[in-house]
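Fold the following, please.
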Amino acid sequence: MKIGLIRVLTLTDQREIDRHGSIIERVFSGLKVTSCCIEDHPKGLYDKVSEEAAKPKIIGLAKKLEEGVEAIIVSCVADPAIVELKEMLTIPVIGAGQSLAAVSRTLGDTIGVVTISNEVPGAVARGLQDHCLAWAKVKGVENTLDLKEGDIVGRAASAANGLKNQGCDVIALACTGFSTIGAARKIGIEVGIPVVDPILAAGSIIANLIFCREDQYDGC
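Below you'll find the model as predicted:
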């Protein structure tokens, strides 16, 4: 069961490009992920300007992937180009943002969102609607590259604890860079409530979509 995954951070090391796909393959053993990344975005997507600039590049990669895969994941919680791709392609296209919101809402009623931006990404906000109780930005982080600097997990856990103290019963990590560093499990242990990883959330949506086809899985 072949899945295409598009990274919105420009990388040259194929092992790094494959990292999010490897996470999905490790947890969902029936999925095989082919990963690629867009060009000219060394800091990833971190504002509306960078998101808009990335859209045609994401669309171009998705069109190239379409013939060889059964579904595509865009590995960014802003879900750039998702609306356009759903209209263009004949296979399912899943955004990390909408997946994060869906899984978070399943796990609780009052969601706290940990971000690296100055607002909750639009796709996450739309998915959570009035279930988003509060949000917090990780201190000292402006783009996904900053997630590799210093005690990021500690700072993210501090933000998550602040949201828990406000009454949140689930924490949504609103950047796929948190998946890269394996933050969800560590933060979950620290705060003691469910913490949702956006890449695993997207993987779970894909797994349910594909495994429940009659020709793939007799148990549905």
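
got the phi/psi numbers for A174?
Main-chain torsions, A174, degrees, to the nearest 10: phi -90, psi 60.

got it, and the one 10 residues further on?
Geometry field for A184 lists phi and psi as phi -60, psi -50, criterion degrees, to the nearest 10.

if I read this right, it contacts A172, doesn't it?
No. If you go by CB atoms under 8 Å, A184 and A172 don't touch, sitting 9.8 Å apart. The C-beta positions use only the backbone N, C-alpha and C, and glycine is treated the same way.

Mutual contacts of those two, please.
Residues touching both A184 and A172 (CB atoms under 8 Å, 6 or more residues apart in numbering): V196.

Confirm for me that G97 is in contact with P121.
Yes. Counting by CB under 8 Å, P121 is a contact partner of G97 at 5.6 Å.

When those two are compared, which one has more neighbours?
G97 (31 against 28; other CB atoms under 10 Å).

did I read that right, that one in a helix?
Yes. Counting by DSSP: H, G, I helix; E, B strand; the rest coil, G97 is found in a helix.

more crowded one of A184 and A172?
A172 (36 against 23).

ok now do the closest residue to D197 other than its chain neighbours, which residues does it touch?
Leaving aside its sequence neighbours, D197 sits nearest to A184 (CB to CB, 6 or more residues apart in numbering; 3.8 Å). Contacts of A184 were listed using CB under 8 Å, 6+ apart, and they are 173, 178, 195-197, 200.

Go through these and give me the one with the most neighbours.
Neighbour counts for these (other CB under 10 Å) peak at F178, which has 29 neighbours.

Pretty sure that one sits against L147.
Yes. Between F178 and L147 there is a contact at 6.8 Å, judged by CB under 8 Å.

Now the lengthiest helix in the chain: buried residues?
The helix that spans the most residues within the chain, counting by DSSP state H, is helix 48-66. Within helix 48-66, the residues scored as buried using 16 or more other CB atoms under 10 Å are 50-51, 54-55, 57-59, 61-62, 65-66.

What is the nearest of those to N143?
Closest approach to N143 among those (CB to CB): S50, at 8.8 Å.

gap between that closest one and I193?
Separation of S50 from I193 (CB to CB, to the nearest Å): 32 Å.

Ok, L11 next?
32 Å.

Burial check on the residue nearest to L133 when sequence neighbours are not counted, number of neighbours?
Residue nearest to L133 in three dimensions, not counting chain neighbours: T110, with 4.2 Å by CB to CB, 6+ apart. Per other CB under 10 Å, the neighbour tally for T110 reads 16.

Does F178 belong to a helix, a strand or coil?
helix.

Tell me who's in contact with it.
Here F178 is in contact with 114, 147, 156, 184, 197-198 (criterion: CB under 8 Å, 6+ apart).

wait, which of those residues is closest to L5?
P198 (12.3 Å).

domains in the chain, as residue ranges please.
Per automatic domain parsing, the structural domains of the chain span 2-95+201-211, 98-198.

which SS class is L45?
Applying three-state DSSP: L45 is coil.

Quick check, it in contact with V8.
Yes. The criterion here is CB under 8 Å, and L45 meets it with V8 at 5.0 Å.

Determine the set of other helices and strands touching whichever helix or strand R26 is part of.
Assigned by DSSP states H and E, R26 belongs to helix 19-27. Helix 19-27 is packed against strand 2-7, strand 32-37, helix 177-180, helix 198-211, with contacts defined by 3 or more CB pairs under 8 Å, 6 or more residues apart in numbering; DSSP states H and E.
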